[in-house]
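Trainee: Predicted model and sequence follow; I will ask about them next.
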Amino acid sequence: MFFDLQHRDPGTKARAGVIHTDHGDIPTPIFMPVGTAGTVKGVHQQELKQDIDAKIILGNTYHLYLRPQLPILEAAGGLHQFINWDRPMLTDSGGYQVYSLGDMRKIKEEGVTFQSHIDGSKHVFTPEGVMDIQRSIGADIIMAFDECTPYPCDYTYAEKSMHMTHRWLERCIQRFDCTTPKYGHEQTLFPIVQGSVYPDLRKQSAEYIASKNRAGNAIGGLSVGEPAEDMYAMCELVCDILPQDKPRYLMGVGTPANILENIALGVDMFDCVMPTRNGRNGMLFTSEGIINIKNKKWEDDFSPIDPNGKSFVDSQYSKAYLRHLFVTQEYLGRQIASIHNLAFYLWLVKEARQQIIAGTFAEWKNNMVKKVQQRL
């Protein structure tokens, strides 16, 4: 994998580039639909490619390790073959999911002991083991094992956690570098910057991560409840330290406004469950603002979901019809809303890229941030 940085916006720190992988090229900025357990919920792979044009999707080590389990994935020839996806893929190491288990996990220097949320069975994730698991899954980009600190988090805990994440990274790198891919395509390891919302810790972590000289880097431990202003401050600080010629991935972020603001700070890659999760609950993101399609005001509105036609469903279905599907609890409503939201997110980053190339990103971004946050 390598990153070709092509354009910089003159008014912000936004960048446009291309990540080259064995499964295809990824134009940046990019949003990655989340396919946690081998599926982007409610969306066919054909729709992801043809209607949404997702260049890369995300899977999760924790969930795939528990189900369908590694022997099945290996017998299938890896996750790409198992789910019939021939484009790039990234896997999260499971650190965030383990963090989310709360009392069901114990974190020690060796690794994390946790209970499965499915049947309560006990398992252990170590940095070495997580590298082996991600080799078996076979994603193009894999993540280092880290601890995601909660918010709020006191300074002492954040510092200890950051140093442990760094020690875990050393073990991840050692294991990754002495093993080989299983399915004939290259895999790339991204380290993760931690440090909660403390500038000195974020600076220290970013410098340490940068010193490892991997092909790309990630920013973790944000979008966990902290104010947006803190997220932006930490991202700006970290992006100013991480290498200019490597892609930067902000994990788990976020709303359309979050994505636009972080693009302006120099972030290249994003993922979030929000488009599909919120879509299944009737929240639609559009170029003019946010719609709660369950509201009665849309009952007889036969206009497209997005007036500017940002996804293919906008030319096929009206707000009134989609509201009807939600009111009658038809599954198709959730599917249409999910596809629309994903298509909108992919349109948003594609348009951001075009604005960066044209040198007009700053003004466009400021206007779009206002629009995408308003409730319609």
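Mentor: Thanks, I have the structure now.

Trainee: Give the buried residues for the helix ranked longest in the chain.
Mentor: Looking across the chain with DSSP state H, the single longest helix is helix 331-358. For helix 331-358, burial by neighbour count (16 or more other CB atoms under 10 Å) applies to 333-353, 355-356. Any C-beta I mention is one placed from the backbone N, CA and C, and that applies to glycine too.

Trainee: do stretch 33-45 as well
Mentor: P33, V34, G35, T36, G38, V40, K41, G42, V43, Q45.

Trainee: List of residues touching stretch 235-245?
Mentor: 3, 5, 13, 193, 199, 202-203, 205-207, 209-210, 213, 217, 219, 222, 248, 250, 262, 265-267 (CB atoms under 8 Å, 6 or more residues apart in numbering).

Trainee: In helices, which of the residues you listed appear?
Mentor: Per DSSP H, the contacts of stretch 235-245 map to helices at P199, R202, K203, S205, A206, E207, I209, A210, N262.

Trainee: what's the most distant pair in these?
Mentor: Pairwise distances among the ones in helices among the contacts of stretch 235-245 were taken by CB to CB; the largest, 20.2 Å, belongs to E207 and N262.

Trainee: These two - which one has more neighbours?
Mentor: N262 (26 against 13; other CB atoms under 10 Å).

Trainee: Now name the helix or strand holding F31.
Mentor: For F31, the host element (DSSP states H and E) is strand 30-32.

Trainee: State the next helix or strand along the chain beyond that strand.
Mentor: Past strand 30-32, the next helix or strand by DSSP H and E is helix 45-50.

Trainee: What are the boundaries of the helices in the protein?
Mentor: Going by DSSP H, the chain shows helices at 45-50, 61-66, 70-76, 79-83, 95-100, 127-137, 155-177, 199-211, 228-239, 256-264, 274-280, 319-327, 331-358, 361-373.

Trainee: Worst mean pLDDT among those helices?
Mentor: Mean pLDDT is lowest for helix 95-100 out of those, coming in at a mean of 74.

Trainee: What are the buried residues along that one?
Mentor: G95, Y96, Q97, V98, Y99.

Trainee: For L201, which non-adjacent residue is closest in space?
Mentor: G195 (3.3 Å; CB to CB, 6 or more residues apart in numbering).

Trainee: wouldn't the one you found be in contact with I209 here?
Mentor: No - in terms of CB atoms under 8 Å, G195 does not count as a neighbour of I209; the distance is 10.2 Å.

Trainee: Could you single out the nearest of the ones in helices among the contacts of stretch 235-245 to S318?
Mentor: Among the ones in helices among the contacts of stretch 235-245, and counting by CB to CB, the member closest to S318 is N262, at 33.1 Å.

Trainee: State the distance from that closest one to L64.
Mentor: 27 Å (CB to CB, to the nearest Å).

Trainee: next one: Q354
Mentor: Relative to L64, and taking CB to CB, Q354 is found at 34 Å.

Trainee: same deal with F114?
Mentor: 15 Å.

Trainee: what about the two, which has more around it?
Mentor: Each of F114 and L64 has its neighbours counted (other CB under 10 Å); L64 has more, 26 against 21.

Trainee: how close does that one get to V130?
Mentor: Applying CB to CB to L64 and V130 gives a distance of 12 Å.

Trainee: Tell me which residue lies nearest the centroid of the protein.
Mentor: D271 (1.8 Å; CA atoms, centre = their mean).

Trainee: Grab the nearest non-local neighbour of that one.
Mentor: M32 (4.2 Å).

Trainee: okay but the one you found is in contact with F270, surely?
Mentor: Yes - using CB under 8 Å, M32 is in contact with F270, at 6.8 Å.

Trainee: what distance separates the start and the end of stretch 122-140?
Mentor: For stretch 122-140, the first-to-last residue distance is 28 Å (CA to CA, to the nearest Å).

Trainee: buried residues in that stretch?
Mentor: 125-131, 133-140.

Trainee: how close does P307 sit to Q6?
Mentor: 32 Å.

Trainee: ok, the two, which is more surrounded?
Mentor: Taking other CB under 10 Å, P307 and Q6 do not tie; Q6 has more neighbours (14 against 11).
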